[in-house]
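> Could you look at this predicted model? Sequence included:
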Amino acid sequence: MGHEHGHDHTHGANKKTLMISFMIITGYMIIEAIGGFMTNSLALLSDAAHMLSDSISLGIALLAFTLGEKAANHSKTFGYKRFEILAAGLNGVTLIIIAIYIFYEAIQRFQHPPEVASTGMLVIATIGLLVNILVAWIMLRGGDVEENLNMRGAYLHVISDMLGSIGAIIAALLIIFFGWSWADPLASVIVAALILRSGYYVTKSSLHVLMEGTPQNIDVDDVVQSFQNTKGIHSVHDLHVWSITSGLNALSCHAVVDEQLSIAESERLLRQVEHDLEHKNIHHMTIQLETAAHLHDNSILCKVKAESSGNHHH
């Protein structure tokens with residue numbers, strides 16, 4: 001119950017932070033896009049495009065948190081919490097697509113450098129940097145950008161967008177003082193590389209969750225050791241650890257126990273194991289206690305490693 005309360009509190013803080021960030025980013029994205037067209041700067045336009053992806057990502061993240069609040073039902077027994085991971089994956093793919101498009105546009109500009117209104121570009125990029133710093137600070141202060149994959153995806157959007165503003169500022173200064181028109185597409189290429197990197201890592205992390213991968217903050221060997229150190233448990237098999245959504249890890253397994261255990265002793269043993277696992281970042285667990293007589297002959301004392309060879313017994 002304590003974890004659920006903590007999860008709900010963090011959830012609410014994340015949602016409020018996303019709402020404020022969404023409003024600020026969307027408002028300035030419109031200003032920067034207009035400025036990019038007026039100054040003919042690809043660096044500004046690419047930064048505005050990234051801000052658009054920020055706005056979309058924050059909007060999707062907000063939708064994900066809202067859907068995640070829907071209660072579980074017979075159709076969705078875990079509720080809609082997994083939608084947060086789908087949103088994070090979509091954000092990552094969006095980043096990758098935007099990066100590829102900016103690369104394409106930059107190549108065209110290197111071949112035919114256009115005239116850029118560098119002073120206007122400098123002013124708009126500087127304000128954009130300040131806006132991104134403000135939003136990043138709001139997200140760091142009010143949201144969980146470490147554990148929550150959905151929040152982290154949105155935060156990475158803002159950080160790489162901040163770097164994009166810095167690139168646009170440097171490009172504007174180079175054009176003003178040295179007349180280097182190629183600095184504009186060069187800044188865009190650097191921004192695109194940063195966007196591509198962020199997109200790759202967010203997509204990879206969300207796919208790991210969707211593929212029921214072991215959470216990064218869980219040590220499976222340590223979990224197995226917890227079972228083996230519990231008096232009355234001989235072995236554990238068919239052990240699975242996965243994430244339902246960010247910050248909500250689940251476990252299921254079969255534990256082989258002494259045949260002479262009473263119901264009361266079994267209950268005590270279960271409570272002890274659950275208490276130990278809660279301190280190892282596992283929040284939802286299903287543990288089936290059984291005796292050696294319930295196992296097939298070829299699966300007695302089967303360890304977790306058997307899972308990797310494709311053996312699965314009930």
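Noted; the coordinates are in hand.
> mind exporting stretch 101-115 as PDB, just the C-alpha atoms?
The C-alpha trace of stretch 101-115 is given here as PDB (Å, rounded to 0.1, in the frame of the first residue of the first chain):
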ATOM      1  CA  TYR A 101      14.800  14.800 -42.000                       C
ATOM      2  CA  ILE A 102      17.200  17.500 -40.600                       C
ATOM      3  CA  PHE A 103      20.200  15.600 -42.000                       C
ATOM      4  CA  TYR A 104      18.500  15.700 -45.500                       C
ATOM      5  CA  GLU A 105      17.700  19.400 -45.300                       C
ATOM      6  CA  ALA A 106      21.200  20.200 -44.100                       C
ATOM      7  CA  ILE A 107      22.800  18.500 -47.100                       C
ATOM      8  CA  GLN A 108      20.700  20.700 -49.400                       C
ATOM      9  CA  ARG A 109      21.900  23.800 -47.600                       C
ATOM     10  CA  PHE A 110      25.500  22.800 -47.700                       C
ATOM     11  CA  GLN A 111      25.200  22.600 -51.500                       C
ATOM     12  CA  HIS A 112      23.300  25.900 -51.800                       C
ATOM     13  CA  PRO A 113      23.800  28.100 -48.700                       C
ATOM     14  CA  PRO A 114      20.900  30.700 -48.500                       C
ATOM     15  CA  GLU A 115      21.000  34.100 -47.000                       C
END
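> Below-threshold pLDDT in the stretch 51-200 of the chain: ranges please.
Low-confidence segments of the stretch 51-200 of the chain (pLDDT under 70): 68-69, 71, 143-145, 147-150.
> what about the residue sitting furthest away from the middle of the chain, which SS state?
In terms of distance from the mean C-alpha position of the chain, Gln260 ranks first, at 46.1 Å (CA atoms, centre = their mean). Using DSSP: H, G, I helix; E, B strand; the rest coil, the structure places Gln260 in coil.
> Check the gap between it and Glu267 for me.
The spacing between Gln260 and Glu267, counted by CB to CB, to the nearest Å, is 15 Å. From N, CA and C alone the C-beta is placed, and that goes for glycine too.
> Equivalent analysis for Leu45, please.
Leu45 is 64 Å from Glu267, by CB to CB.
> and the helix or strand hosting Asp238, what's its mean pLDDT?
Assessed by DSSP states H and E, Asp238 sits inside strand 233-245. Strand 233-245 carries an average pLDDT of 86.
> Now the residue nearest to Pro114 when sequence neighbours are not counted, what are its backbone angles?
Leaving out its chain neighbours, the residue that sits closest to Pro114 by CB to CB, 6 or more residues apart in numbering is Asn40, at 5.4 Å. When read as degrees, to the nearest 10, the backbone of Asn40 gives phi 60, psi 40.
> quick one, strands of this protein?
233-245, 248-257, 284-290 (DSSP state E).
> Now render those strands as CSV, adding distance to Ala172.
Formatted as CSV, the strands of the chain follow (distance: least, CB to CB, whole Å):
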stretch, distance to Ala172
strand 233-245, 42
strand 248-257, 45
strand 284-290, 52
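> Just tell me which of those ends up closest to Ser75.
strand 233-245 (15.9 Å; CB to CB).
> Pairing partners for that closest one, with directions?
Applying DSSP bridges, strand 233-245 is found paired with strand 248-257 (antiparallel).
> And the partner strand, what's buried?
Neighbour-count burial for strand 248-257 flags 248-251, 253-257 (criterion: 16 or more other CB atoms under 10 Å).
> any low-confidence regions in the stretch 201-314 of the chain?
293-314.
> tell me the contacts of Ser41?
By CB atoms under 8 Å, 6 or more residues apart in numbering, the contact set of Ser41 is 35, 116-118, 121, 168, 171-172, 184.
> where exactly do the helices run in the stretch 151-300 of the chain?
Using DSSP state H, counting those that start in this stretch, the helices found in the stretch 151-300 of the chain span residues 183-210, 220-228, 263-278.
> burial measure for Trp119, as a count.
That one is not Trp; residue 119 is Thr. 12 (other CB atoms under 10 Å).
> now the one 10 residues further on
With neighbours defined by other CB under 10 Å, the count for Leu129 comes to 20.
> What is the burial count for the residue lying closest to it once chain neighbours are set aside?
Setting aside the residues directly before and after it, Leu129 is nearest to Ser165 in space (CB to CB, 6+ apart), at 3.8 Å. Neighbourhood size, Ser165 [other CB under 10 Å]: 27.
> who are the neighbours in contact with Ser226?
By CB under 8 Å, 6+ apart, the neighbours of Ser226 are 273, 276-277, 280.
> nope, Arg268 is what I was after
Here Arg268 is in contact with no residues (criterion: CB under 8 Å, 6+ apart).
> That one and Ser252: what is the separation?
21 Å.
> same deal with Lys76?
Counting by CB to CB - Lys76 and Ser252 are separated by 18 Å.
> returning to that earlier point: ok, the residue nearest to Pro114 - contacts?
Applying CB under 8 Å, 6+ apart, the residues near Asn40 are 114-117.
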